[in-house]
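K.L.:
Show me the folded form of this:
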Amino acid sequence: MKELSLNILDISMNSVKAHADEVSIILTETDRTLEIKIKDNGCGMKKELLQTVTDPFTTTRTTRKVGLGIPFFKLAAEQTGGYLTIKSKHESEFPDDHGTETTALFYKDHLDFTPLGDVISTVVTLIQGSPDIRWVFVHKTPDGEISLDTDEIKAVLGEVPLSTPDVLVWISEDLKEQYRDIGYHN
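P.N.:
The predicted structure is shown next:
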């Protein structure tokens, strides 16, 4: 994928498909590295699937026989000297504490580093597509932190759905303003 934000979208959609009602997207950036962590409370993966999930010929989809999202994310990280790890607890074994955590580390100074891209549009798209999920987005940078928690927004809006166009525009503008306030340039 041409931007890591598209990988974030893909992995987060896996969380939606796993029936998560809370998904956290945490970006931790230093001058040299970018760590992307996506954590959910979905159904999780059984050990057999977890052991093969980075194989492109492993997929839970019925419409095609390959799944390339996680393998491409892993490849993008490893090409920079980084890594990808996935931890998961399946609901059948952990009924009160299940879900999946995907973490990828990238070295930004490597020639093969893929740019982060339009992470704001990714977050807004995820909220628009699944407004009932609690989305937590945090981007920690050397210059400051950007954050969004849809539960906080819902508390202010009351009955107004997050998928309302004016709300989505406001969320986008709020994130842009937070990035401007810390002088972040992607």
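K.L.:
for the protein, what's the longest helix?
P.N.:
Assignment by DSSP state H gives helix 165-182 as the longest helix of the chain.
K.L.:
buried sites along that one?
P.N.:
167-168, 171, 175, 178-179 (16 or more other C-beta atoms under 10 Å). The C-beta positions use only the backbone N, C-alpha and C, and glycine is treated the same way.
K.L.:
Now those residues in CSV, please, with extra columns for distance to Phe106 and pLDDT.
P.N.:
Shown next, in CSV, are the buried residues of helix 165-182 (distance: C-beta to C-beta, whole Å; pLDDT from 0 to 100):
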residue, distance to Phe106, pLDDT
Val167, 32, 97
Leu168, 28, 97
Ile171, 26, 97
Leu175, 21, 97
Gln178, 22, 97
Tyr179, 19, 97
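K.L.:
Nearest to Ile11, out of these: which one, please.
P.N.:
Leu175 (19.2 Å; C-beta to C-beta).
K.L.:
Skip the chain neighbours and tell me the closest residue to that closest one.
P.N.:
Ile120 (4.7 Å; C-beta to C-beta, 6 or more residues apart in numbering).
K.L.:
got the buried residues for the helix or strand containing that neighbour?
P.N.:
In this structure, Ile120 is located in helix 119-129 according to DSSP states H and E. Buried residues in helix 119-129, defined by neighbour count with 16+ other C-beta under 10 Å: 119-120, 122-128.
K.L.:
could you give the angle of it to helix 165-182?
P.N.:
For helix 119-129 against helix 165-182, the angle by axes from the mean of the first three to the mean of the last three C-alpha atoms, to 10 degrees is 150 degrees.
K.L.:
Now do helix 119-129, average pLDDT.
P.N.:
Mean pLDDT, computed over helix 119-129, is 97.
K.L.:
Then stretch 97-115?
P.N.:
96.
K.L.:
That one: end-to-end distance?
P.N.:
With C-alpha to C-alpha, to the nearest Å as the measure, stretch 97-115 spans 34 Å from end to end.
K.L.:
following the lowest-mean-pLDDT helix or strand in the chain, which helix or strand shows up next?
P.N.:
For the chain, scoring each helix and strand by mean pLDDT, DSSP states H and E identifies helix 47-52 as the least confident one, at a mean of 73. Sequence-wise, the next helix or strand downstream of helix 47-52 (DSSP H and E) is helix 69-78.
K.L.:
which helices and strands sit right next to that following helix?
P.N.:
The contact analysis (3 or more C-beta pairs under 8 Å, 6 or more residues apart in numbering; DSSP states H and E) places helix 69-78 against helix 4-17, strand 83-89, strand 99-107.
K.L.:
got a list of what Ile38 touches?
P.N.:
Residues near Ile38 by C-beta atoms under 8 Å, 6 or more residues apart in numbering: 8, 11-12, 15, 23-26, 101-103.
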